[in-house]
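Visitor: Sharing a model that was predicted from the sequence below.
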Amino acid sequence: MSSDQDHLKETDTEARFEFKKEESSAFQTEKGLDEETIRLISEDKDEPEWMFERRKRALKQFQKMPMPTDWPGQPDLSEVDLNEIIPYIRPDIETRGGAENWEDLPEEIQDTFDKLGIPEAEKNALSGVGAQYESEIVYQNMQERWEDKGVIFCDMDKAVQEHEEIVKEHFMTKCVPPSDNKFAALHGAIWSGGSFVYIPEDTTVNMPVQAYFRMNSEGMGQFEHTLIIAEENSEVHYIEGCSAPKYSAFNLHSGGVEVFVGDNAHVQYSTVQNWSKNTYNLNTKRAIVEEEGTMEWVSGSMGSKATMLYPSTILKGRGATDNHITIAMAGEGQNIDTGAKVYHNAPDTKSTIESKSISKDGGRTNYRGLVHIADGAENSSTSVEFDALMFDNESTSDTMPYMEIQESKVDVAHEATVGKIGDEDVFYLQSRGLDDDDAKQMIVAGFIEPITEELPIEYAVELNRLIELEMEGSLG
Amino acid sequence: MSTQVHANLTREQVQEISAGLDEPEWLTETRLSALDALSELDMPDVIRTPGRDWTNLHALDFESLVDPLHAAEEKDRVSDEGVEVLEWSEALAKHEDLVREHFTSVVDAEENYLTALSTALFSAGTVIYVPEGVDAEDVKIRTRMNSRSLFMRVRITEKSSSVTILERQSTGDTEVDDARYYSGIVEVAAGENSYVQYGSLQNLDEETYHYSLKRGYADTYATVDWIEGNVGSRLTKSSVETYLQGDSSETKTVGAFFGHEDQHFDVSARVWHEGEHTTADLVTRGVLDDHARSVYEGVQDVGADAWDTSSYQRENTLMLSDDSEADASPKLIINNHETEASHSATVGQVDAQDLFYMMSRGVDPERAKNMLVEGFFVPVLEEVDVEELRDDLEELVAARLRE
């Protein structure tokens, strides 16, 4: 392991996520949500009229739709009172749309991202970085060579101004309309910040771009929007990281992600989510994949009090491929409800879903997934694999897959297993001189390896550290 | 749900059915209470995904299918030595206390709209009582439905004994215009150290809507095995459920279906592991042709106190036509970590290579396909250790393939 990664190992991970900063802002809305709130946000961003109109429509939809309450085993959302949330906090910075130098940021924001290791990672492993603090992107930078090739990686608010036509066409229209679910509607009404990524034809961005989302204030909601457009024969890997310090009041994160994968393009979207355990993480993420394109979702859900997240892919073009790899870990008081949705709408499409979960100390993990193969999607194949590891008897693990097969010339396979950590495996490792905790940690590290393999080494190390942290002292 | 109670369903009719069977007052009251509850009750749960109901029961007006005072059936009841297989009024006359103690103790009369409808109107009831120490292999109930609607209930109670029951439903020759409705509720209470095997083969005509709920409670060391074959009916909503309440209890559920034309099968196999050291094995195979549609739900629920559970589930569907649809949702609900649980589900078509191989051996394509379909059912048939039922199921599959 190189010294670059050693610094990550040595850092006290807990201290890195748990610190709080004084709350200071240039502008923040009152708690609650009405048309006035939306007007204030839209005005503060100096948005075009059509965006304000879309926000208003989404708000109406949000007000009409009921809270999801009747899904079996779903997280309890009764605490999520949207009148108690502060939807918009603009941090107190001089440059709107993201500074290009960390030095230009106020010291406490700089310090926040330093502690999170973002500038360090930028130097070593990334093509570009965006960092969001509260409701807006505060730092955004990409290596010049990508800019020269026409790659765009910018703050979503800035994209509304500078790439208006393309945003107008793609923003919550054909991929994630606000009517999709209550929290997508909420997102459509009060979204702020996030990234816009555009990769031109025949361009391969060979190092990942990353956006990091940090909530600092108590009782706030973060609603960033990510729009990725990968044109024909292009390739990009986008990494999203999230964290927040813990407060007694609840925080809400309700992001929206839309990915357009062009013919023969390849997009990987990786998330390592480590929200504090008072955060409700209710996201909508979806990709539309054209002919021979490939979409890969890699998700690690460690934090939050409750997560409801089912990244979905619409395989629209012939020969399109989708791969999902998800890992969820739920400890005390957590309900991590995740899964994957795939719609095979064209012939020769392929999907694989590999999902792993770990539950311990009374935590609950749910897998909820849907595979739909439409009539006419000949020679499509799908394979779903789910494994759950349970550490103790207070924990729960549910698997709820749904398969809708309307085409006969298909190959559909689903498999799931649930079990406890193997006594024999632990015994074997102990006989080789490891203590009980180390043995279990090693088994868990092996269990999640398919996920860590998909991430750049910095993030794999990070993920392992997070899991070790989660497990410390909790095993016996 | 706010289903309007149909004008042709009245308290008087329910009282008339009850009086016709010489029922005691408590039972009449249970029926009337179920009738009154109809407007409050929901249909049995169906699976929903965004924008789709996998089975739409609300589109059906069950009450218009009902002709409460004209239920008619031919029933043969074959009993084995030592077992009491009693027709409803006979059971009430002989063992009223026993019936009163157990009736609706496994399936609540007002569990859902269809169980309540069934409780209010059932006319054909059977009680099977297997006394302690009796081993019986040959209990059969054959029902031929000769009327517009028919509601039956079967009730089995026993302790330290074993029994195999075969039930067959078909439609009689009596001409009935229009759609029909058949509803069957089976309650099994398998006492300590007992064995109940309940095999059912449904071959109703394709104008008949069919609702069936079979539920068993297994006490310590008890085994409840189910065999569930569905070939007939227009629409079937069927659930086979076992509660493994006692320590070391077991269940095996074997299901088979073969749908063609416009048939719709919504079948579920469910098990709740509640005691310790319990074992469940759920195996279902189905074939779909033409526009047929299947919905399968499997549930393996392991409770927090169900230490040392083993639970397995397999479901395989073969699609013979592009116009058919197979939906499946195999669920695992695990609350105890000393559990070994797995499930798998597949959907596919007849293997092209197998077909090619057989054709290369001179078998014509139609016959080759039929042989492969018959072969597909073999793993399920092998699990059926009642020869008579296995033969019948094989024959029904073969007959369907000859059509």
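Guide: Looks like it arrived, so ask away.

Visitor: Only C-alpha atoms from now on, for both contacts and neighbour counts.
Guide: Will do.

Visitor: if I read this right, A:Gly293 contacts A:Val259, doesn't it?
Guide: No. The criterion here is CA atoms under 8 Å, and A:Gly293 misses it with A:Val259 at 11.8 Å.

Visitor: Comparing these two, which shows the higher neighbour count?
Guide: A:Gly293 (30 against 24; other CA atoms under 10 Å in any protein chain shown).

Visitor: so where is the stretch 51-200 of chain A shaky, pLDDT-wise?
Guide: Within the stretch 51-200 of chain A, the segments meeting pLDDT under 70 span A:95.

Visitor: Could I get the full set of helices for it?
Guide: A:107-115, A:118-125, A:144-148, A:156-162, A:164-170, A:182-190 (DSSP state H, counting those that start in this stretch).

Visitor: Residues of the stretch 251-400 of chain A that sit close to chain B?
Guide: Contact residues, the stretch 251-400 of chain A versus chain B (CA under 8 Å from any CA of the partner chain): A:375-376, A:390-400.

Visitor: could those go into JSON lines alongside pLDDT and neighbour count?
Guide: As requested, these are arranged in JSON lines below (pLDDT from 0 to 100; neighbours: other CA atoms under 10 Å in any protein chain shown):
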{"residue": "A:Asp375", "pLDDT": "93", "neighbour count": "19"}
{"residue": "A:Gly376", "pLDDT": "94", "neighbour count": "17"}
{"residue": "A:Met390", "pLDDT": "88", "neighbour count": "28"}
{"residue": "A:Phe391", "pLDDT": "85", "neighbour count": "26"}
{"residue": "A:Asp392", "pLDDT": "86", "neighbour count": "20"}
{"residue": "A:Asn393", "pLDDT": "86", "neighbour count": "22"}
{"residue": "A:Glu394", "pLDDT": "89", "neighbour count": "17"}
{"residue": "A:Ser395", "pLDDT": "90", "neighbour count": "25"}
{"residue": "A:Thr396", "pLDDT": "91", "neighbour count": "30"}
{"residue": "A:Ser397", "pLDDT": "91", "neighbour count": "31"}
{"residue": "A:Asp398", "pLDDT": "92", "neighbour count": "24"}
{"residue": "A:Thr399", "pLDDT": "92", "neighbour count": "28"}
{"residue": "A:Met400", "pLDDT": "92", "neighbour count": "20"}
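
Visitor: taking those residues one by one, which sit in strands?
Guide: A:390, A:396-400 (DSSP state E).

Visitor: Near chain A, which residues of chain B? Just list them.
Guide: For chain B, the contact set with chain A under CA under 8 Å from any CA comprises B:49, B:304, B:319-349.

Visitor: For chain B, what is the nearest residue in the stretch 1-150 of chain A?
Guide: Scanning the stretch 1-150 of chain A for the residue nearest chain B gives A:Gly73, at 9.2 Å (criterion: CA to the nearest CA).

Visitor: which residues does that residue contact?
Guide: By CA atoms under 8 Å, 6 or more residues apart in numbering or on different chains, the contact list for A:Gly73 reads A:366, A:398.

Visitor: same thing but 10 Å
Guide: A:335, A:337, A:364-366, A:396-398, A:400, B:333 (CA atoms under 10 Å, 6 or more residues apart in numbering or on different chains).

Visitor: next one: A:Val267
Guide: A:Val267 makes contacts with A:228-230, A:234-238, A:259-261, A:287, A:289, A:293-297, A:322, as judged by CA under 10 Å, 6+ apart.

Visitor: Let's verify it: helix, strand, or coil?
Guide: strand (DSSP: H, G, I helix; E, B strand; the rest coil).

Visitor: Of the helices of the stretch 51-200 of chain A, flag the one that's most buried.
Guide: Greatest average neighbour count among those goes to helix A:182-190 (a mean of 26), per mean count of other CA atoms under 10 Å in any protein chain shown.

Visitor: name the helices or strands packed onto that helix?
Guide: Using 3 or more CA pairs under 10 Å, 6 or more residues apart in numbering or on different chains; DSSP states H and E, the elements in contact with helix A:182-190 are helix A:35-44, helix A:49-64, strand A:221-222, strand A:256-261, strand A:279-282, strand A:284-289.

Visitor: export those to JSON lines and tack on distance to A:Ser355?
Guide: JSON lines is the format used below for those (distance: least, CA to CA, whole Å):
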{"stretch": "helix A:35-44", "distance to A:Ser355": "38"}
{"stretch": "helix A:49-64", "distance to A:Ser355": "31"}
{"stretch": "strand A:221-222", "distance to A:Ser355": "27"}
{"stretch": "strand A:256-261", "distance to A:Ser355": "20"}
{"stretch": "strand A:279-282", "distance to A:Ser355": "19"}
{"stretch": "strand A:284-289", "distance to A:Ser355": "17"}
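
Visitor: Out of those, which one sits most buried?
Guide: Highest mean neighbour count of the helices and strands packed on helix A:182-190: strand A:221-222, a mean of 30 (counted as mean count of other CA under 10 Å).

Visitor: Just list the residues touching the spatially most central residue of chain A, thanks.
Guide: Centroid-nearest residue in chain A, with CA atoms, centre = their mean: A:Thr271, separated by 4.5 Å. A:Thr271 sits next to A:210-212, A:238-242, A:297-301, A:326, A:455, A:459 when contact means CA under 10 Å, 6+ apart.

Visitor: Next: A:Gly130.
Guide: Going by CA under 10 Å, 6+ apart, A:Gly130 touches A:98-100, A:118, A:122, A:137-142, A:153-155, A:194-195, A:209-213, A:240.

Visitor: can you check B:Arg215 too?
Guide: Going by CA under 10 Å, 6+ apart, B:Arg215 touches B:106-107, B:185-189, B:224, B:226, B:239-243, B:270-271.

Visitor: Remind me which helix or strand it belongs to.
Guide: When elements are assigned from DSSP states H and E, B:Arg215 belongs to strand B:208-218.

Visitor: Understood, closing this out.
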